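In: Okay, here's the prediction I keep looking at, along with the sequence it came from:
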Amino acid sequence: MESYEELLNEAYEKVKPVSVSSYAERFEIPKANAQVIGNKTIISNFLQICSYLRRDCLHLAKFLSRELAAFSKIENERLVLNRKIQSQQINDKIIFYVEEFVMCRECKKPDTELIKQGEFLFLHCLACGAKHSVRAKI
C-alpha cells in the first residue's frame with residue numbers, strides 16, 4: 001500500500017495545471033451583428049450578448065446609449081440605436097463594458113456579479129471572492 005504522500009505526488013503529476021491566462025483566452029467577447037437601416041443602427045444579437053455576459057439587458061443598453069450618444073430601445077431581441085454607428089465602434093464599447101463591468105480585476109475571470117449597495121455599484125467575483133467598486137456610473 002502506498003503512502004499518502006506518494007499518492008498525492010502521483011495525483012499532482014497526472015493533473016494538468018490550468019493557467020489564468022488560458023482561461024481568459026477561452027472567454028471570447030461576442031461581436032455585435034449591427035446593421036444600419038436608414039438613420040438607425042440595429043444590433044440583432046443583443047439578447048445573446050447579454051446572456052453570454054450574464055448581465056441585465058437594460059444595464060448594457062443604457063451603457064451603450066450613453067457611450068455612443070444615441071437614444072436606444074429594446075425591441076424583441078434587438079437593440080435599436082437612433083443613429084448611424086459603425087460595427088467597430090459598437091464592438092469597442094462592448095469590450096470596454098466587459099473590462100469595466102464583467103471581468104474581475106484580481107483573477108481576470110468573467111465569473112462576476114454586480115451588487116448595488118446604497119448608491120454604489122460593486123463587482124463581486126464568484127471565483128476568487130474579490131469585491132471592487134465600479135468606476136463608471138450609469
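Out: Received the coordinates, thanks. Note that the structure is predicted; figures quoted are calculated from it, not measured.
In: Every contact and neighbour count from this point should use C-alpha atoms.
Out: OK.
In: Run through the helices of the protein in chain order.
Out: 4-14, 20-26, 46-53, 57-67, 87-101 (DSSP state H).
In: Could you dump these into CSV and include distance to residue 40?
Out: CSV is the format used below for the helices of the chain (distance: least, CA to CA, whole Å):
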stretch, distance to residue 40
helix 4-14, 55
helix 20-26, 33
helix 46-53, 15
helix 57-67, 13
helix 87-101, 12
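In: give me every residue that touches residue 130.
Out: Applying CA atoms under 8 Å, 6 or more residues apart in numbering to residue 130 gives the contacts 104, 106, 124.
In: just the residues you listed now: which is nearest residue 5?
Out: Nearest to residue 5 among those is residue 106, at 32.0 Å by CA to CA.
In: Which pLDDT value belongs to the closest one?
Out: With respect to pLDDT, residue 106 has a value of 88.
In: One more: residue 125?
Out: Residue 125 is given a pLDDT of 90.
In: cool, residue 12 as well?
Out: In this model, residue 12 carries a pLDDT of 81.
In: What subset of the contacts of residue 130 is buried?
Out: The neighbour-count criterion (16 or more other CA atoms under 10 Å) marks 104, 124 among the contacts of residue 130 as buried.
In: Residue 134 is in contact with residue 100, isn't it?
Out: Yes: at 6.9 Å, residue 134 counts as touching residue 100 under the criterion of CA atoms under 8 Å.
In: Okay, buried residues for stretch 101-118 please.
Out: Neighbour counts over stretch 101-118 (16+ other CA under 10 Å) mark 101, 102, 103, 104, 107, 108, 109, 110, 111, 112, 113, 114 as buried.
In: again but with stretch 48-57, I slipped
Out: Across stretch 48-57, burial judged by 16+ other CA under 10 Å covers 49, 50, 53, 55, 57.
In: What residue, apart from its backbone neighbours, is nearest the first one spatially?
Out: Spatially, and ignoring its direct neighbours in sequence, residue 49 is nearest to residue 30 (6.1 Å; CA to CA, 6 or more residues apart in numbering).
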